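# fold the following.
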Amino acid sequence: MTRFIHDQFAKDYLEELLSQLGECQIPLEIRSEVRQVDVFFAPSTQPKVSPEALGLLGKLATTICLFEPFRNPVTIDEIRSCLLKLLEVNTDFIRRANRENTRLNENNYPKLWILTPTASKKILEGFGAKSDDENWGSGIYLLPEYLRTGLVVIHQLPKTLDTLWLRILGRGRVQQEAIDELEALPPDNQFRLNALLSLSSLRSNLEVSSELEEQDRELIMRLSPLLLEQLEAATQLGREEGKQEGKQEGIEQGIQQANRMVIENLLRLRFNSLDEELRGIIQPMSSLSPEEFLPLLLQLSREELLARFNSEN
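So this is what the prediction gives:
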């Protein structure tokens, strides 16, 4: 099912954007049965960027929270499962407070944000979810206060820059329009490259899937040129840096530096961190052209990459 590919993309994408605001754990293991929260987020006291830079997503992430993104419209049972995860996390918070002899107030407990492309009127009414346009705008529905839960109905969000980072997780036309807006952002936007890299990784994973919906095929076609444009821009930057040195050696060094930057970003995106083993393969990979190293980075496993490029050192 391609749904799992999209689920993984949503987790990676949210981690990429939110990691500059605080700490992300993907996934978060919960005791009792084997349950996993898709994204557990705790804001930093000194974030690298202001939460306002991520618009509505940043506003959702101003407190400790759980994100549960769904590719397809969320079902009644899926909402109940999310609520159960939230309650189990709350129980862990209580245990920790008891061990540390500290007191919890209502604001110390995490919030749950369920991200869904659409939600039926029946589901919203059944869970007592109410809109709060004055404080949140359209598309946000809050469950009763002590449940500390909200549904983000992505296809109802207004088409503004403030909602862009959430609309990327939509479906069909909504997602494609958001991708168009993302591509049109200035190249120096602090989140643009990370989002494009996440989308390019999604494309690669979809391409090797044997079960594709029509929307997924259309998404592959839309995403195909994106990363190549990024690589060409990075390579051009390297050429310009080399030309400034006025020597052919400088041009070649500039191109390799651009390649190293892209390779480093892709490795960090795919494997969540960059340890010494992965750093060790950046140099040999950077001698390849983007057309050569890009498919390898997106398709080979960590073990395959290390085996291939460690042997070339």
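
# what's the burial count for the closest residue to residue 97 other than its chain neighbours?
Nearest non-adjacent residue to residue 97, counting by CB to CB, 6 or more residues apart in numbering: residue 104, 5.0 Å away. All C-beta atoms are positioned from the backbone trio N, CA, C, and that covers glycine. Neighbour count for residue 104, taken as other CB atoms under 10 Å: 13.

# same deal with residue 72?
Count around residue 72 with other CB under 10 Å applied: 14.

# any idea how far residue 204 is from it?
22 Å (CB to CB, to the nearest Å).

# which residues of this structure score low on pLDDT?
1, 30-34, 208, 210, 224-255, 258, 269, 272, 298, 311-313 (pLDDT under 70).

# break it down into its domains, please.
Per the record, the chain has its domains at 2-171, 185-313, by automatic domain parsing.

# okay, and residue 79 sits in which element?
Assigned by DSSP states H and E, residue 79 belongs to helix 76-100.

# who's in contact with that helix?
Applying CB atoms under 8 Å, 6 or more residues apart in numbering, the external contacts of helix 76-100 come out as 28, 30-32, 35, 37, 40, 66, 68, 70, 103-104, 108-110, 112, 114, 123, 126-127, 147-149, 151.

# could you flag which of the residues you listed are buried?
For these, a neighbour count by 16 or more other CB atoms under 10 Å gives the buried set as 28, 30, 37, 40, 66, 68, 70, 109-110, 112, 114, 123, 127, 147-149, 151.

# narrow these to those in helices?
Among those, the residues falling in helices (DSSP state H) are residue 123.

# A strand includes the residue nearest to residue 97, no?
No - under DSSP: H, G, I helix; E, B strand; the rest coil, residue 104 sits outside any strand and is assigned coil.

# show me what contacts it?
Going by CB under 8 Å, 6+ apart, the list of residues near residue 104 reads 93-94, 97.
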